[in-house]
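Undergrad: Here's a sequence, model it:
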Amino acid sequence: MRTLETTNVSGFVSEFVLLGFPCRRDTQIFLFVLFSFIYLLILLGNTSIICAVWSSPKLHTPMYTLLANFSFLEICYVSSDVPQMLANIISQTKSISYAGCLLQFYIFFSMCAAEGLFLSVMAFDRFLAICRPLHYPAIMTHSLCARLVASCWAGGFLWLLTPLILISQVPFCGPNIIDHFLCDLAPLLALSCAPVPGITLTCGIISSLIIFLTFLYIIGTYCCVINVVLQVPSGSGRHKALSTCASHLAVVSLFYGSVMVMYVSPGSGDSPGMQKFVTLFYALATPFFNPLIYNFRNKDMKDALKKILNVLL
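TA: Numbering: from 1, shown residues only. Okay, the predicted model is just below:
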């Protein structure tokens, strides 16, 4: 593995070394096979949701349109870091260019921000369906759904523009070894040639805002939903209403439960090992469990998948 600093003619690093998971060669091979298998399952699982929604006219509703877009986001999200991680596990150099490192940071965390926005929009959809059922068809039209989807994608990438611009102004003159499997904010800024407390604070505030704002919105939305559900007279009616939210709440719990551990305060004193573990968890867990949660808990989705399998087989 390369450990020497690589600099350009101006004295600044031209590439970084992603240390990843330093261990014995046989363990690295095991990790490569394991993560490759998980990555393949994530691609297949989320693609199955997209195909099910696309192929079944019954699923051509705003709720499932949002779910299909969320699954496509999960594919892009996991593909922004896992292929590079897999390449580095079996590589001897484990290097990534300066521009490639900034691009990976921007895409990965833009997808992370977009995921929070999508989960918020999905909560809004459930709020309308349960709390405003008579107005739902008039409000949640396909046109509004398309605009919300576009806003989630655009919002995620626009939100991370400021951190990207700030980090691009940080001088890196060595060392260039990042003790992580991706270009994460805290270990990247730790390599700066000069103290950058202002940039660290600004990036921390920006990342905290997107996490807290979307999380608090989802919590507030479900407080309204629960308040309405508790007024439903029949137990079966309450169960039916809550069952439509259970899958979404499970995904929300997975995503925010892990993200908040790390990125509410970037640059905190967490050990590199814990940083890598938590980042790996939320980078893989939500994309992996999302298809399982929705496919196994949703009858319409299971029926659509069965039709696809019957056609293929």
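
Undergrad: Every contact and neighbour count from this point should use C-alpha atoms.
TA: Noted.

Undergrad: so where's the stretch 201-313 of the chain shaky on pLDDT?
TA: 234-237, 241, 261-272, 296-297, 312-313 (pLDDT under 70).

Undergrad: Next, work out how far apart the residue of the chain most remote from its centre and residue 239 are.
TA: Among residues of the chain, the one most distant from the C-alpha centroid is residue 233; the distance is 37.9 Å, by CA atoms, centre = their mean. Look at residue 233 and residue 239: by CA to CA, to the nearest Å, they are 11 Å apart.

Undergrad: Assumed the residue farthest from the centre of the chain was part of a strand.
TA: No - according to DSSP: H, G, I helix; E, B strand; the rest coil, the state of residue 233 is coil, so it is not within a strand.

Undergrad: From residue 222, how far out is it?
TA: Shown here: residue 233 relative to residue 222, a distance of 19 Å by CA to CA.

Undergrad: Next: residue 70.
TA: 19 Å.

Undergrad: what's the answer for residue 89, then?
TA: Between residue 89 and residue 222 the distance is 41 Å, computed by CA to CA.

Undergrad: do the same with residue 140
TA: As defined by CA to CA, residue 140 lies at a distance of 18 Å from residue 222.

Undergrad: Ok, residue 113 next?
TA: Relative to residue 222, residue 113 is positioned 20 Å away (criterion: CA to CA).

Undergrad: The two: who's more crowded?
TA: More crowded of residue 113 and residue 222, by other CA atoms under 10 Å: residue 113, with 23 against 18.

Undergrad: quick one: contacts for the more buried one?
TA: In this structure, residue 113 makes contact with 155-157, 159, 210-211, judged by CA atoms under 8 Å, 6 or more residues apart in numbering.

Undergrad: now residue 257
TA: Taking CA under 8 Å, 6+ apart, one finds nothing in contact with residue 257.

Undergrad: so where does it fall, helix or strand?
TA: Taking DSSP states H and E as the definition, one finds residue 257 inside helix 235-263.

Undergrad: next one: residue 202
TA: Take DSSP H and E as the rule and residue 202 turns out to sit in helix 197-229.

Undergrad: orientation of that helix relative to helix 235-263 in degrees?
TA: Inter-element angle recorded for helix 197-229 and helix 235-263: 170 degrees (by axes from the mean of the first three to the mean of the last three CA atoms, to 10 degrees).

Undergrad: Tell me how far helix 197-229 lies from the chain's centre.
TA: Centroid separation for helix 197-229 versus its chain: 15 Å, with CA atoms, centre = their mean, to the nearest Å.

Undergrad: swap in stretch 56-69?
TA: 20 Å.

Undergrad: Quick check: buried residues in that stretch?
TA: Of the residues in stretch 56-69, those scored as buried under the neighbour-count criterion (16 or more other CA atoms under 10 Å) are 56, 59, 61-69.

Undergrad: From what I see, residue 126 and residue 246 are in contact.
TA: No - using CA atoms under 8 Å, residue 126 makes no contact with residue 246, being 10.5 Å away.

Undergrad: quick one, which of those two is more surrounded?
TA: In this view residue 126 and residue 246 are compared by other CA under 10 Å, and residue 126 has more residues nearby, 23 against 14.

Undergrad: ok, now which ones touch the more buried one?
TA: Residues 63, 244-245 are the ones in contact with residue 126 under the rule CA under 8 Å, 6+ apart.

Undergrad: Pull up the per-residue confidence for the residue most central in space within the chain.
TA: When CA atoms, centre = their mean is applied to the chain, the residue found nearest the centroid is residue 112 (3.9 Å). Reading off the confidence values, residue 112 has pLDDT 91.

Undergrad: And the strands in the stretch 51-200 of the chain?
TA: Counting by DSSP state E, counting those that start in this stretch, one finds strands in the stretch 51-200 of the chain at the ranges 95-97, 177-178.

Undergrad: and the ones you listed, which is most packed in?
TA: Counting by mean count of other CA atoms under 10 Å, strand 177-178 has the highest mean neighbour count of the strands of the stretch 51-200 of the chain, with a mean of 22.

Undergrad: Parallel or antiparallel, which strands does it pair with?
TA: Within its sheet, and counting by DSSP bridges, strand 177-178 is paired with strand 15-18 (parallel).

Undergrad: For the partner strand, which outside residues touch it?
TA: Under the criterion CA under 8 Å, 6+ apart, external residues in contact with strand 15-18 comprise 2-3, 6-7, 88, 93-98, 101, 176-183.

Undergrad: Mind doing that once more with 6 Å?
TA: The list of residues contacting strand 15-18 from outside it, by CA atoms under 6 Å, 6 or more residues apart in numbering, reads 94-98, 176-178, 180-181.

Undergrad: And the average pLDDT for it is what?
TA: Summarised as a single mean, pLDDT over strand 15-18 is 90.
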